[in-house]
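Q: Sharing a sequence plus its predicted fold:
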Amino acid sequence: MSNDLQTKQFHTEIVGNNQGSAAQMNEVKSGPRIIDPVFTLEDVSVSYGKYVAVTDVNLQIPSNDITAFIGPSGCGKSTLIRTLNRTNDLIPGASVAGKVMYHDADLYDSKASAVEIRRRIGMVFQKPNPFPKSIYENVAFGPKVNGRPKKSELDEIVEKSLRGAALWDEVKDRLGASALGLSGGQQQRLCIARSLAVQPEVILMDEPCSALDPIATLRIEELMMELKKEYTIVIVTHNMQQAARVSTYTAYFVTEVNPLGDLRTGKLVEYDETKKIFSTPSDPRTEAYVTGKMG
Amino acid sequence: MSQTISLKSRLSPRRTLIDGAFRFFLYLSIFISLGMIFWIVSSLWNEAGWLLSWDLLTNYPSYDIDNAGFQSPLVGSLWVVGIATLVALPTGLLTALYLEEFAGKGNKFSRLIELNIQNLAGVPAVVFGLIGLAFIVRGFVKWGFTVGSAAAVIAMLMLPVIIIVSREAIRAVPPSYREGALALGATPWQAVWRLVLPSAIPGTATGSILAVSRAIGESAPLLLLGALSFVTFNPTGLDSPFTIMPLTIFKYASDSREEFQILASAGSLILMAVLFILNLIAIILRDIATRKRNV
Amino acid sequence: MGEVKVGHKSVLLSPSPHLSRRLNTQRVARYTMLLATTMSVIVTVGIVASLFPTAVRTMITIGTQIIGISWAPLFEPPEYGILPLFTGTIFIVAIAMLVAVPVGLAAAIFLSDYATFNLRRVVKPILEILAGIPTVVLGLFGLYVVNPLYVEKYWPIGEPLAYSALGAGFVTGILIVPIIASVADDALSAVPRAMREAAYALGATRREVASKVVFNAGLSGVVAALILAFARAFGETTIALMVAGSYPKFTANPGDPMMSLSAFIGFAGIGDAEVGSNAYNTIFLIGAILFLITLIFNIVGNRIIAKYREAYE
């Protein structure tokens, strides 16, 4: 299904913060202008009850590329990535304002099915969360819940997905073994394989390496570079070097504290090409963060 | 050169003494509570251990000690508690699943149900006999003093206990399983049915077995439901008259003649043996459950 | 470079046929679960509906006669003074608490702060077995062992008979030791380890940590354990009936036979109480009283537990 994506040409055009016509600025308030974006966020705010986790986000996420969300703790970057496949729905009291468009479809349209959305937009979590089943069954879980594949098809999907996640060679002789016996890095790659098995277009990664050692982290990063040929990846990370290493675009968020000091709200400060964010950011706050003066 | 430091205890004699006395008191208390079991079982054994034989299980209740046994009450208990479990276990499990997975935490409806279940669990058992008497034996069901009436009452008694233990087992399933499954496009019900429920089974089973063993030993509510009689035949269906182990023991015990004391004690030994085996199964299951979780 | 377009690719996020089928399954499952959930409500409604109409009617007929010291509703002329049932219940419950509180709390402290992991793994299941001893067996033990061998022999006041509140209280105490031990142990084990470590770091001994720091921190849960155990003892029927007898004596001597509220239900409800008979009416009245009192204690106890859970989670 992603072949057409792979061959498709796409190009981006950078719009400086003060350049461009007023009409364009109304559409997208900050960041690079992206042709044929996968996600378009317009004035997005996410709240939990009365508490506003992140507010006024406008950005577009390109396809077949890696976009990183960075910023200090509590800046709402994890909250935001969870709105991209409606994982936030699961938290009582969570609500989304503004528009979250996936291609031409509104993710929060009343007719949109969260289940369908999550099938198309996969997610890899902070802590590897393999199911208490065999390696094979972990990968087969998604195809099984989404249809009734034949055994031969399933075998094929499992192998392809494990190869895709660069795990096949390590586990091909023990597919029946419990997934809980794998190392942390292997478990995380298994979780990636698991999401590949349902053929998503997008993979969201919420700090996928924060529980891993440096070597396992490196392997995941290599894998991400490989995966972006076929998939759109959005990653939340605390690790700025990681963002610099893997991503093409970076969005930097900050935490704003209200005058009373009891409410924290995340805000998007700057969204641009990663190389620009890490070399010549336009906002002094971004500069302070990426050069290590704060956060 | 180096300073000499003594790490020997420098507690005042008084403090040492109190500490020791406290420790002694704790061990004594544990010894007493565990000793109670030994005391009870050994006094039953002294009274009736010699009487135990296969005949005691196969004979029917009788005033003639040489021919008296517990077949019909054993079978009666099996019928009543068996049917009650068949009703209460699925009902309780489904309720627990609903409350934990679907009702939404903290809303008024689930809080009301929760409060109701907690208080239902604390209602004295004998009160369940009264509702049975008013509505099931007489009232609009008019089932009379039958296995069916008794099973209905015992099911009501078991229901809150099974809900509470199942909820605990379900709550112990890591939320990451659910998140992982949903991120693959599973419906919430698929996540529950394929992942949460299988993971919760050992815990639910442990709690349910303990609830069953409690129900087998229950006597008070069935006092009101006509189980207190010598029934010298096994039940054949829901409309059969019946008796149960605890009330046959009660019946023997209300006669002050020596041989009935012995019969009551012998019945108690049988009942305790049944419950001990059930407890053992529950303990083994729980061991499996905790070991699984710690892999 | 013209206008910005929001996505060229057209996607449809409404459910596919296969997903619609799955969502239908979910809907059916949901309704089934909801149906199961209403069962527990129906049971509660059933209890209230079965108890209270008869209870209120009976109460109106009895009126102020209920404040009296002679309870004999099954005799001619009937007497409805309920006080003996209350004193009987209170004596049995008080003796049970006297026996069970120190032992149960000590067991809880032992489990939470003294026992090694392995010892805990052995002791907890054994306490569960103690909790699982049927009340009829405990009643037998009271009737055949505690009453004749101890109460009758050693109780100094009055002339002890085969039945005694003392014996019933003692045996009920055995019944509630595991309840106190396990609920209080839950509360004490929930006290954060950091609190223990802080106290140890100041040079406190194990006893001081357990009895001063942990016990105080877990106090609300301990209180809840006592309340729930109290409610359980209060509603216990079989033991009271077998060991304390079925004679509602108004007395202050625990060595005497007494009758508790619940024992009366068991006593008068045995056999076929005719609808509308005095036996039938009074057991529903006593049942309603029993239900209300235990309800209050359970609500209080559970609320305390919910509070401390909130505090630590």
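A: Noted; the coordinates are in hand. Numbers count the residues shown, from 1 in each chain, chains lettered A, B, ... in the order given.
Q: contacting residues around whichever strand or helix holds residue A:159?
A: Secondary structure assignment for residue A:159, by DSSP states H and E: helix A:151-164. With CB atoms under 8 Å, 6 or more residues apart in numbering or on different chains as the test, helix A:151-164 has contacts from A:135-136, A:139-140, A:143-144, A:149, A:168, A:171-172, A:175, A:190, A:193-194, A:196-197, A:227. Where you see a C-beta, it was placed from the backbone N, CA and C, and this is true even at glycine.
Q: in it, what counts as buried?
A: By neighbour count on 16 or more other CB atoms under 10 Å in any protein chain shown, the buried set for helix A:151-164 is A:154, A:157-162, A:164.
Q: now swap in stretch B:193-202 and tell me
A: B:193-197, B:199-202.
Q: picking that back up, now tabulate the buried residues of helix A:151-164 in CSV and tack on distance to residue C:283 and pLDDT.
A: Output for those, formatted as CSV (distance: CB to CB, whole Å; pLDDT from 0 to 100):
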residue, distance to residue C:283, pLDDT
A:154, 63, 95
A:157, 66, 95
A:158, 65, 96
A:159, 70, 96
A:160, 71, 95
A:161, 67, 96
A:162, 68, 96
A:164, 71, 93
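Q: Could you give the separation of the helix or strand hosting residue B:284 from the chain centroid?
A: Assigned by DSSP H and E, residue B:284 falls within helix B:258-293. Going by CA atoms, centre = their mean, to the nearest Å, the spacing between the C-alpha centre of helix B:258-293 and its chain's C-alpha centre is 10 Å.
Q: What's the nearest residue in the stretch 1-150 of chain C when you look at chain B?
A: Closest contact between the stretch 1-150 of chain C and chain B, by CB to the nearest CB, is at residue C:134 (2.8 Å).
Q: roughly how far apart are that residue and chain A?
A: 37 Å (CB to the nearest CB, to the nearest Å).
Q: again with residue C:65
A: Taking CB to the nearest CB, one finds residue C:65 at 54 Å from chain A.
Q: from what I can see that residue touches residue C:81, true?
A: Yes: using CB atoms under 8 Å, residue C:65 makes contact with residue C:81 at a distance of 6.8 Å.
Q: I'd like to know which elements the helix holding residue B:284 is packed against.
A: Here helix B:258-293 touches helix B:13-48, helix B:54-58, helix B:197-217, helix B:245-253, helix C:117-132, helix C:135-141, going by 3 or more CB pairs under 8 Å, 6 or more residues apart in numbering or on different chains; DSSP states H and E.
Q: pLDDT weak spots in chain B?
A: B:1-2, B:292-295 (pLDDT under 70).
Q: residues touching the residue of it found nearest chain A, list them.
A: Here the residue of chain B nearest chain A is residue B:185; by CB to the nearest CB that distance is 2.7 Å. Shown in contact with residue B:185 (CB under 8 Å, 6+ apart): A:115-116, A:118-120, A:142, A:145-146, A:198.
Q: which one of those residues is nearest chain B?
A: Looking across these and measuring by CB to the nearest CB, the closest to chain B is residue A:119, at 2.7 Å.
Q: Was I right to think the closest one contacts residue A:198?
A: Yes: counting by CB under 8 Å, residue A:198 is a contact partner of residue A:119 at 5.5 Å.
Q: who touches both of those two?
A: A:142, A:146, B:184-185.
Q: quick one: which of those is most hemmed in?
A: Counting neighbours by other CB atoms under 10 Å in any protein chain shown, the top entry in these is residue B:184, with 29 neighbours.
Q: Point out where chain A drops to low pLDDT.
A: If you take pLDDT under 70 as the line, chain A has these spans: A:1-31, A:293-295.
Q: among the shared contacts of residue A:119 and residue A:198, which two are most distant?
A: A:146 and B:184 (7.7 Å; CB to CB).
Q: Which residues of the stretch 151-295 of chain A lie near chain B?
A: A:178, A:180-181, A:191, A:194-195, A:197-198 (CB under 8 Å from any CB of the partner chain).
Q: Of all the residues in the stretch 51-200 of chain B, which one is nearest chain C?
A: residue B:124 (2.5 Å).
Q: Check the residue of the stretch 1-150 of chain C closest to chain B and give its pLDDT.
A: What the model reports for residue C:134 is a pLDDT of 96.
Q: Tell me which residues touch it, please.
A: So residue C:134 contacts B:216-219, B:246, B:268, B:271-272, B:275 (CB under 8 Å, 6+ apart).
Q: quick revisit: nearest to chain B, of the buried residues of helix A:151-164?
A: For the buried residues of helix A:151-164, the nearest to chain B is residue A:161 (11.3 Å; CB to the nearest CB).
Q: What are the boundaries of the helices in the stretch 1-150 of chain C?
A: C:17-62, C:83-109, C:117-132, C:135-141 (DSSP state H, counting those that start in this stretch).
Q: Tell me which of those helices sits most buried.
A: For these, the largest average neighbour count (mean count of other CB atoms under 10 Å in any protein chain shown) is found in helix C:135-141, namely a mean of 28.
Q: now the residue sitting nearest the centre point of chain C: how far from residue C:223?
A: Residue closest to the average C-alpha location in chain C (CA atoms, centre = their mean): residue C:232, at 2.8 Å. To residue C:223, residue C:232 is 15 Å away according to CB to CB, to the nearest Å.
Q: now residue A:90
A: 36 Å.
Q: Does residue C:299 touch residue B:116 like I think?
A: No: the pair residue C:299 / residue B:116 is not scored as a contact, 11.1 Å apart, by CB under 8 Å.
Q: What's the local residue count around residue B:171?
A: 12.
Q: Please disregard the earlier target; I meant residue A:116.
A: 21.
Q: Overlap of the contact sets of residue A:146 and residue B:184?
A: Contacts common to residue A:146 and residue B:184, judged by CB under 8 Å, 6+ apart, are A:119, A:198.
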